[in-house]
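J.: can you look at this prediction? I've put the sequence above it.
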Amino acid sequence: MNTQVTEIRSGFTSLLYKELLRFWRVAFQTIAAPVMTALLYLVVFAQVLQDRLKVYGEINYTQFLIPGLMMMSMLQNAFANPSSSLIQSRITGNLVFILVTPISTMEFFWAYVLAAVARGLSVGLAVWLCSLVFLPLPVTYPVWILAFAVIGSAIMGVLGLIAGLWSEKFDQLAAFQNFLIMPATFLSGVFYSIHSLPPFWQAVSHWNPLFYTIDGFRYGFFGMSDANPWTSLVIVLVVFAAVTALAIQLLRSGYKLRY
Amino acid sequence: MSEFAIEFEHIHKTYAPARRSWIKSLLSKPGSQQAGFTALRDVSLQVKHGEFFGLLGPNGAGKTSLISILAGLSYPTQGRARVCGHDVVQDYKLARRNLGVVPQELVYDPFFTVRETLRIQSGYYGLGNNDDWIDEILHNLGLSDKANANMRALSGGMKRRVLVAQALVHRPPVIVLDEPTAGVDVDLRRSLWEFISKLNQQGHTILLTTHYLEEAETLCGRIAMLKRGRIVALDTTQALLARVGAHGLEEAFVEIMRQSAQETVTA
């Protein structure tokens, strides 16, 4: 019983399971509430603008809006999952139970990011299913839909991880969420095609990486988009690689975790 | 296999000064950079396999800093620490796999039940089907009837028992208890020490920090006393008592702390 242990087995699946169980336990707050918010946007905007706007010449505005709302909900919830988990664990002190184990930096990183992707996809799927009550969407390229849903959620999962590591108080996390994530998602083409914007704001939108996640995601439904989907894919992959490199560097250095 | 369960070699630990906002940095005088806080100064000690070792000292002496380095919660500024011969920085996976730590603070995850907490903790060490051992720990710590209770619903004493259970869930050969009986009732204290003594008799190495010196006197074969980050005494419990002619460890502790204060003044 007191024998030394010389073999290590991975704790990754357990950490991933814990992160999934954590949001599932409060699914009313983590899944149902964002779906409700997205549906309210849909009801209000679709009612007001349905008959006034056509996008890409032929697409009904309600149809155009649904993928945007799906992606916006996915992005915001993928961000919220690791950021809220980490800050709660840090403030209550229970993060120590993970830090004293042999779980490696990469296992830690992927467990939090994959749980974020799972929550993002769950919320996105739920919004889609509920939106069927209003209007069915065409599905032109399912692979593009899945690719942008997964990569978009993963980018926000990594950003959530970075925000959770950086924030020492709930109001710092709220600042990150309300002054960076929320504007970036709202101004990324959820509610409009950027071609309807003046040239200056079109140019600004092209510097927002979240624009490419939403635009590429929409391409999967309609086969039409503001930007070339391959360009969007390359940009979101580069952004994912960049934020991943930063997050892994922070984790390796023990930033605000190990002193 | 290393001869020692725990090794500290010339450990220094200086914590970085608290970060100041850039506005405060701009407004402060040039060269007014705060120095960091030195918690440990050249601490070296070894604990052999199967020992029951006590780490004593007043508040702020560096006990928790030393334990944090062993557990990988902080990095030494200088020096090396090993668990069962595994360096806690270079070979951290095996070092942590061989170590169980009961933290000082009463912390818990409010999302889970006691059994879920222990299964998840067990999984962090890659141990899947561990329910037989989990049931044994729950029984020995008097937690069997609370296995399916949410952590939030437990009393302070019960939460403390779960902390001990979490540290033991992967059957570590080395167990560190950082003031495990602070603020707990007599019943828990007795059952906890019975269980920990049983584990020690089975060969587990125990490192204990406590302010209850009668517990340390009864349980610990050897004791190190820390003061302001330095070891001021390191010997068997009996030898420490004999050294200052004390009748009990509390008397010896007070005397050794007083002597070290005088040495500091005269130095």
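T.: Received it, and whenever you're ready, just let me know what you need.
J.: for the rest of this, base every contact and every neighbour count on C-alpha atoms.
T.: Noted.
J.: flag the shaky bits of chain B, pLDDT-wise.
T.: Applying pLDDT under 70 to chain B picks out residues B:1, B:19-34, B:264-267.
J.: what's stretch A:29-44 in contact with?
T.: Residues outside stretch A:29-44 that contact it (Cα atoms under 8 Å, 6 or more residues apart in numbering or on different chains) are A:23-24, A:62, A:65-66, A:69-70, A:73, A:77, A:119, A:122-123, A:126-127, A:130-131.
J.: show the buried residues in these.
T.: The neighbour-count criterion (16 or more other Cα atoms under 10 Å in any protein chain shown) marks A:23, A:62, A:65-66, A:69-70, A:73, A:77, A:119, A:122-123, A:126-127, A:131 among the contacts of stretch A:29-44 as buried.
J.: ok so, going back, of the contacts of stretch A:29-44, which is the nearest to chain B?
T.: Within these, proximity to chain B (Cα to the nearest Cα) peaks at A:Phe23, which comes in at 9.2 Å.
J.: which secondary structure state is assigned to that closest one?
T.: Look at A:Phe23: counting by DSSP: H, G, I helix; E, B strand; the rest coil, its state is helix.
J.: likewise B:Arg190?
T.: B:Arg190 is classified as helix under three-state DSSP.
J.: go on, B:Ile6?
T.: At B:Ile6 the chain is in strand, as set by three-state DSSP.
J.: tally of neighbours for it?
T.: 24 (other Cα atoms under 10 Å in any protein chain shown).
J.: B:His86 is in contact with that one, correct?
T.: No. Assessed by Cα atoms under 8 Å, B:Ile6 is found out of contact with B:His86, at 9.2 Å.
J.: which ones among the buried ones among the contacts of stretch A:29-44 map onto strands?
T.: Among the buried ones among the contacts of stretch A:29-44, DSSP state E puts none in strands.
J.: now these as a markdown table including distance to B:Arg161?
T.: Output for the buried ones among the contacts of stretch A:29-44, formatted as a markdown table (distance: Cα to Cα, whole Å):
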| residue | distance to B:Arg161 |
| --- | --- |
| A:Phe23 | 26 |
| A:Thr62 | 56 |
| A:Leu65 | 53 |
| A:Ile66 | 50 |
| A:Leu69 | 47 |
| A:Met70 | 45 |
| A:Ser73 | 41 |
| A:Asn77 | 35 |
| A:Arg119 | 33 |
| A:Ser122 | 37 |
| A:Val123 | 38 |
| A:Ala126 | 41 |
| A:Val127 | 43 |
| A:Ser131 | 49 |
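J.: of these, which pair is most distant in space?
T.: A:Phe23 and A:Thr62 (29.9 Å; Cα to Cα).
J.: any idea how far B:Glu105 is from A:Gly220?
T.: 51 Å (Cα to Cα, to the nearest Å).
J.: what residues does the stretch 151-259 of chain A put near chain B?
T.: Applying Cα under 8 Å from any Cα of the partner chain, we find that the stretch 151-259 of chain A lies next to chain B at A:Leu257, A:Arg258, A:Tyr259.
J.: any idea which of these the model trusts least?
T.: The member of these with the lowest pLDDT is A:Tyr259, at 87.
J.: ramachandran coordinates for B:Ser44?
T.: Phi and psi for B:Ser44, reported as degrees, to the nearest 10, are phi -130, psi 130.
J.: and if you look at the one 3 residues further on?
T.: Its backbone dihedrals place B:Val47 at phi -120, psi 130, with angles given as degrees, to the nearest 10.
J.: any idea what the closest residue to it other than its chain neighbours is bridged to?
T.: Nearest non-adjacent residue to B:Val47, counting by Cα to Cα, 6 or more residues apart in numbering or on different chains: B:Ile6, 5.0 Å away. Counting by DSSP bridges, B:Ile6 is bridged to B:Val47, B:Val83.
J.: tell me the contacts of B:Ile6?
T.: Shown here is B:Ile6, whose contacts under the criterion Cα under 8 Å, 6+ apart are B:Gln46, B:Val47, B:Lys48, B:Ala81, B:Arg82, B:Val83, B:Cys84, B:Gly85.
J.: try 10 Å
T.: Each residue near B:Ile6 by Cα atoms under 10 Å, 6 or more residues apart in numbering or on different chains is listed here: B:45-49, B:70, B:81-86, B:95, B:99, B:174, B:205-207.
J.: ok, now A:Pro136?
T.: Contact analysis of A:Pro136 by Cα under 10 Å, 6+ apart lists A:Gln63, A:Ile66, A:Trp128, A:Leu129.
J.: quick check: the farthest pair among those?
T.: Largest separation among the contacts of A:Pro136 by Cα to Cα: A:Gln63 and A:Leu129, giving 13.4 Å.
J.: so the two - more neighbours on which side?
T.: Each of A:Gln63 and A:Leu129 has its neighbours counted (other Cα under 10 Å); A:Gln63 has more, 22 against 13.
J.: quick check: that one touching A:Phe222?
T.: Yes. Between A:Gln63 and A:Phe222 there is a contact under Cα atoms under 10 Å: 9.3 Å.
J.: please identify every residue contacting each of those two.
T.: A:Leu137, A:Pro138.
J.: check which helix or strand covers the residue nearest to A:Phe12 when sequence neighbours are not counted.
T.: Spatial nearest neighbour of A:Phe12, chain neighbours left out: A:Glu107 (5.2 Å); criterion: Cα to Cα, 6+ apart. Following DSSP states H and E, one finds A:Glu107 within helix A:105-131.
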